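J.: pasted the sequence and its predicted model underneath.
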There are 2 protein chains.
Amino acid sequence: MHRSLLLTLGGLLCVGAAAAAPMAPQDGAAMLSRFDAQIDPKEMGGWMKLLAAEPNQVGSPHDKSNAEWILGQFRSWGWDAHIETFQVLYPTPVSEAVEMPGAHGKVWKATLQEPPIPGDTSARAKQYVLPAYVAYQGDGDVTAPLVYVNYGNRDDYKRLQQEGISVKGKIVIARYGHGWRGLKPLLAEVHGAIGCLIYSDPQEDGYSTGAAYPAGPARPAEGIQRGSVEDVSEFQGDPLTPGVGATKDARRLTRATSPAILKIPTLPISYADAQVLLSAMNGKIAPAPWRGHLPITYRIDSTVPVHLMVKSDWSLKPIYDVIATIRGSAWPDQWVVRGNHHDGWVFGASDPEAGQVALLAEAKAIGGLVRSGWRPKRTIVYASWDAEEPGLLGSTEWAEAHADTLRQKAVVYFNTDANGRGILRVGGSEDLEKFADRAIGSLTDPETGASVNARRRAHMELAAGSDHDRALARRAADPSKDLGVEPLGTGSDYTAFLHFLGVPVLDFGYGGEGSYGGIYHSRYDTYEHHSRFVDPGFVYDAMLARTTGRAVMAAADAVLPLQNGGDFADAAAQYVSELKTLASNMRKAADAQKKLLAANAYALAADPTKPHANPPPLAPVPDFDFSPLDRAVAGLRKSAAAYDAALAARGAGLSADKLARLQEVMRNLDRTLLFHGGLPGRGTWYQNLIYAPGRYSGYGASTMPGVREPLEEERWADAARYIGLTAGVLNAYGAQLDKATAILNS
Amino acid sequence: MHRSLLLTLGGLLCVGAAAAAPMAPQDGAAMLSRFDAQIDPKEMGGWMKLLAAEPNQVGSPHDKSNAEWILGQFRSWGWDAHIETFQVLYPTPVSEAVEMPGAHGKVWKATLQEPPIPGDTSARAKQYVLPAYVAYQGDGDVTAPLVYVNYGNRDDYKRLQQEGISVKGKIVIARYGHGWRGLKPLLAEVHGAIGCLIYSDPQEDGYSTGAAYPAGPARPAEGIQRGSVEDVSEFQGDPLTPGVGATKDARRLTRATSPAILKIPTLPISYADAQVLLSAMNGKIAPAPWRGHLPITYRIDSTVPVHLMVKSDWSLKPIYDVIATIRGSAWPDQWVVRGNHHDGWVFGASDPEAGQVALLAEAKAIGGLVRSGWRPKRTIVYASWDAEEPGLLGSTEWAEAHADTLRQKAVVYFNTDANGRGILRVGGSEDLEKFADRAIGSLTDPETGASVNARRRAHMELAAGSDHDRALARRAADPSKDLGVEPLGTGSDYTAFLHFLGVPVLDFGYGGEGSYGGIYHSRYDTYEHHSRFVDPGFVYDAMLARTTGRAVMAAADAVLPLQNGGDFADAAAQYVSELKTLASNMRKAADAQKKLLAANAYALAADPTKPHANPPPLAPVPDFDFSPLDRAVAGLRKSAAAYDAALAARGAGLSADKLARLQEVMRNLDRTLLFHGGLPGRGTWYQNLIYAPGRYSGYGASTMPGVREPLEEERWADAARYIGLTAGVLNAYGAQLDKATAILNS
């Protein structure tokens, strides 16, 4: 039954050929095998070796030469390709220090550079490797005692307050994990800290997870995780040009006026160095959940002064997006866009070149198909982005620079990034669930012989971390339903498409079995590490090419719109129910806490010999009127069911005129989820009212963020207002589906 | 209103004086201050120093001389005292080894003795300190690779099965925590292991928790936790004389025929030694929750052979219970029994001498009151038990030897054990909740000035670990309710009274702020450690004496029965609701797992390059008929309300005859909770159908164990049968209350 709603890829190609005519009828399955046959894992490995041979961060010589090489490859495969350049703010470290009084009156100095490992690219590369840093921290020269803040997230600061300890005037030391990197210095700054160190604790990222590289895949004691700490709560991309492309002549903010740049100096350090700093602390013992896996007594506060200094070169740097197109035969003004970045932190083998070589392999294979006669109905745009690592600059500036065109033409955006051995994960817009299911349905997992979707389904069925995981698991357990996709926050180049432009997206990546975490954003993310531990034989990098290639070709040739109505309606219903549960749980917690505070329970239960305080009081939670959302979901379900039924019944035999009108309506469907006013307190760049990168979760998606985030932050008026606004975009989405249904039924 | 039901201690003493007459009327409050004035923390510290001066484990010279010294003290304070001796099986190590191939062809040997620490009793003591051992392991000489089993509990073995790893023929290494020590070698043995090592991981017990002794209170790298590993699933006490006193001529099982003695050699080791053994392992990496805080990669299996040898002296040893009495003036055949053990694992300062010196201080103060004219109405029996550590032998053999007398005479048993600075915890029989609340209501916490009960209430309100914690927290948040007591499993000397004899018990102990865990059962549990870190100034040891002394005096002089009906009815209702939730959750889990197995989800989601297997299948859970328990709880609530009301209305003016009949009925009240057939599959020693030491949780209480444990172990027929039997004892308890109500209303 589901098969009748949206045709399989093979079917799509046939229908496409029949409906839009210029080519001879083709056999979809045969075409897929011709595509697959051109994917050569060995060749992909060679490309990775080349792309990851030297440091390729923004502004490095190899970053530029990679872009030029990629350009040449596209052209050699028959694509119309060019490099598009932007000028962005990208600070690189000039000098750095982390120091502490040491034994015998000497000064102990942290090692801020990772030693090369013999036999590895880290030793073989010729070009300069920058010392470890995080992009868009604040520069400065400060001396103060440390406060250990665990993961440095909001709950940790609440706990700190209860322990009676302030970070004001102190340097914070936080471990990686449980929240995005950039929130750690941001929250430190908000709470009055004057500096921030971030380290990889071996509990999450070190010997606890496996033998250290090169003996095993795990992070060595000296490994350091770089990364962006740009404050992306209001916008993504170049900190100086929010909302517009960072072209040469763009109007720019300054470093001082950009809200995206932090004010306090921040450095990432290794756990070897963190152990020295943490074990020199002499204050209150950390609560049990705060203790990591270093062989020390973790303490919260200290009297030992630590010196932190960062000085950066804040000049503009050029970035190089490679853009390649194959013009559509039937609907050249409908674009299927597909991207993966090419810049890394150092060598960037797993992140991003694993995904980049998949993109290249697809491009080569598609080029081959075109050479042998195939012409996609829609225009295919391949983008090899630069400057993803510092803050999605390549994709964002391009999306901003071409916003009007993309709003007119982009049908869908497909993204990939780091990749490794394991199970396929798909994130994106729920109205593409059925499309994704079908497009990749023919893929077989190389190590088990099961279908890729079967493994994906099993993995989702067994996931049980969050409420949302469990909702997806319940869904995966029902074989009559489409496999769910994860809602997306940020962390890769789909961001501007989904949140700024309202283009539906899918993000593909294999993983979970290869061991990639241990070298994430370090000097050891090399060709050798990738081919030994992350994806031996490039088997799953090749799978990624087959997967994304199928999606691209299916989208390029599908006659009928890609979206399905029912899946998004189901997701919206789930998100609304999660909001209600959140409000109700918060109300219960606030009521319970109020009683405990009235009874003085926290003070009575505390050890009076140790500093302690009451937890920050929770505001009483009003009774929200969720009925606008309930009504909107009910209406949406109806509209979705009607559309899905009409498409199934009448989609196959549409006249060219009706088809054009249907395509036009549905191309604007996901854009109805945008609200030009943006999210409450977060500017106007994030316009999608269904998902956003959580302000306090970072990469993770906050669903229905206009309501959810104000709830979480006790801003009741905003929450109440965005209940109406969110209901409004659901109503608009439903109305758009009704328009499509009317065309189908006319 | 509640105050009218059972009078406060002051009131009790007045009423007692008025009703039973021989003494002059007394002022209860003045008597309490005379009692309190005799509690001298400094003197108690001196006693502890003496009792903990030399190793005092069973069979040691100092154990015997302590008993004799205690006897002399009791006599000097006017008590009628004697030593009662039993002959028990108590194995002590003769030779031991844990070895592994080391570097350069040498053999690495574990250090099985803890080094003395200068300035500490561990260095000052003159007498021989046994090497570390666990009592009632199996002796043997085996060589095999290690398997790391995390905490070695049932869930860990399920996970191990899923990882595709067996312990058959291997030596298991488990960390302490999450389940009783004795279950670790027992489950290892059941699963086919040939030896067992247990170590203290620094996550729970080492540097993670604080600075190592002597710099701080935490366990040093060389510290070793001794303890009993007797299999107490069927009975407690001497392994050779279940159910009867281990008198000289008792009929005895042999070491080979006793079900309480393990078959495989087992040793406890330090984390310094564990680190060497664990880091030499070379197999599969342990799952994240299994990783402790040693700076190594935890692995599950290994090919490196380890040699384990234990040889013990299995001769019978004498034990010395000191029994002291003051005869009751009104009802000499009604006994209030109070005990604390005097044997330790090495010096045993915090465990047990902190409680022992409280017991002695009470005895001295009560002796002083008696000298100044007070005579308790009931007989007071003070017991200083020997041989608690190996398996509650002193209290159990005495309870068994005097079972008939105690069934006739014991009104209540009060217990203490280790003690330290902090908040009072009270465990025991729920029908004594009101009694406990009132008896200790006048106590003020010395460090906060709040009442002891107010801190206890606050602590309970904030506890949220288990469902049961949350139920107690809800209750504590309602000031109209009595403060709940924790249901008791085992772990101290109340066990035979509660589970074998059916005597209601209360167990008192302060703690949570002093740091005692780090030296638990080690050579470093010394006077110095206790007075520096656990209870500086012996302030809370003195509080323990004031607390338990109040309970003893209140129970000895109370005219009306100690029990309240409503609190136990509330608890029974809670336990029944927990059983239903358990069955329903198990049913859901089994249904969900069945679907996952049918879909082959575990295999599809697993990494095929690593060994893995399906989880052990959960049996489908039938629909149990809980209505007998529902009806029993409803009836019990009715009977309890009627009794509580009748006692409040008519308790004060009872005739001597009615009072005698009421006391007789209520003395047998808690005995109605026993079922002579015992628990399903666990022999006939544990007869209490409301609580038992959980078969697979060890010290922790399993409530309504006749139903709960078969549920947990998928023995459906047993569960169904014990629903009826448990309903039966609730009905019997209600009927006994009805008898008492009839007397009151007659």
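T.: In hand now; what should we look at?

J.: mind checking how far A:Val276 is from chain B?
T.: 14 Å (Cβ to the nearest Cβ, to the nearest Å). Heads up, the C-betas are built off the backbone N, CA and C, glycines and all.

J.: just checking, that residue touches A:Trp108?
T.: Yes. Judged on Cβ atoms under 8 Å, A:Val276 makes contact with A:Trp108 at a distance of 6.3 Å.

J.: which of the two has more residues huddled nearby?
T.: For A:Val276 versus A:Trp108, neighbours defined as other Cβ atoms under 10 Å in any protein chain shown are more numerous around A:Val276 (18 against 15).

J.: pLDDT value on the more buried one, please?
T.: Note for A:Val276: predicted pLDDT of 98.

J.: and what of A:Pro561?
T.: 97.

J.: what's the distance between the particular helix or strand that has A:Tyr643 in it and the middle of its chain?
T.: If you go by DSSP states H and E, A:Tyr643 is part of helix A:627-650. Offset of helix A:627-650 from its chain centre (Cα atoms, centre = their mean, to the nearest Å): 30 Å.

J.: now that helix: buried residues?
T.: A:628-629, A:632-633, A:635-637, A:639-640, A:642-647, A:650 (16 or more other Cβ atoms under 10 Å in any protein chain shown).

J.: re the thing from before, which neighbours do A:Val276 and A:Trp108 share?
T.: Common neighbours of A:Val276 and A:Trp108 (criterion: Cβ atoms under 8 Å, 6 or more residues apart in numbering or on different chains): A:Met100.

J.: run through the stretch 101-250 of chain A and note the low-pLDDT ranges.
T.: Applying pLDDT under 70 to the stretch 101-250 of chain A flags no residue at all.

J.: does the residue of the stretch 451-600 of chain A found nearest chain B sit in a helix, a strand or a coil?
T.: The nearest approach of the stretch 451-600 of chain A to chain B comes at A:Ala458, 3.5 Å away (Cβ to the nearest Cβ). When classified by DSSP: H, G, I helix; E, B strand; the rest coil, A:Ala458 comes out as helix.

J.: next one: A:Met44
T.: helix.

J.: and it, how many residues sit next to it?
T.: A:Met44 - counted by other Cβ under 10 Å - has 24 other residues nearby.

J.: run through the residues that contact A:Tyr649.
T.: Rather than Tyr, residue A:649 is Ala. A:Leu744.

J.: what does A:Phe568 give?
T.: Contacts for A:Phe568 (Cβ under 8 Å, 6+ apart) come out as A:Ser429, A:Glu430, A:Asp431, A:Leu636, A:Ala640, A:Tyr733.

J.: same question for A:Gly206.
T.: A:Gly206 neighbours (Cβ under 8 Å, 6+ apart): A:Ser200, A:Ala212, A:Ala218, A:Arg219, A:Ala221, A:Gly223, A:Tyr271, A:His293, A:Gly518.

J.: look up how far B:Val276 lies from it.
T.: Shown here: A:Gly206 relative to B:Val276, a distance of 20 Å by Cβ to Cβ, to the nearest Å.

J.: and the furthest pair within the contacts of A:Gly206?
T.: A:Gly223 and A:His293 (14.7 Å; Cβ to Cβ).

J.: can you report how many residues lie near the closest residue to A:Asp625 other than its chain neighbours?
T.: Leaving aside its sequence neighbours, A:Asp625 sits nearest to A:Ile723 (Cβ to Cβ, 6 or more residues apart in numbering or on different chains; 7.0 Å). Residues lying near A:Ile723 (other Cβ under 10 Å) number 24.
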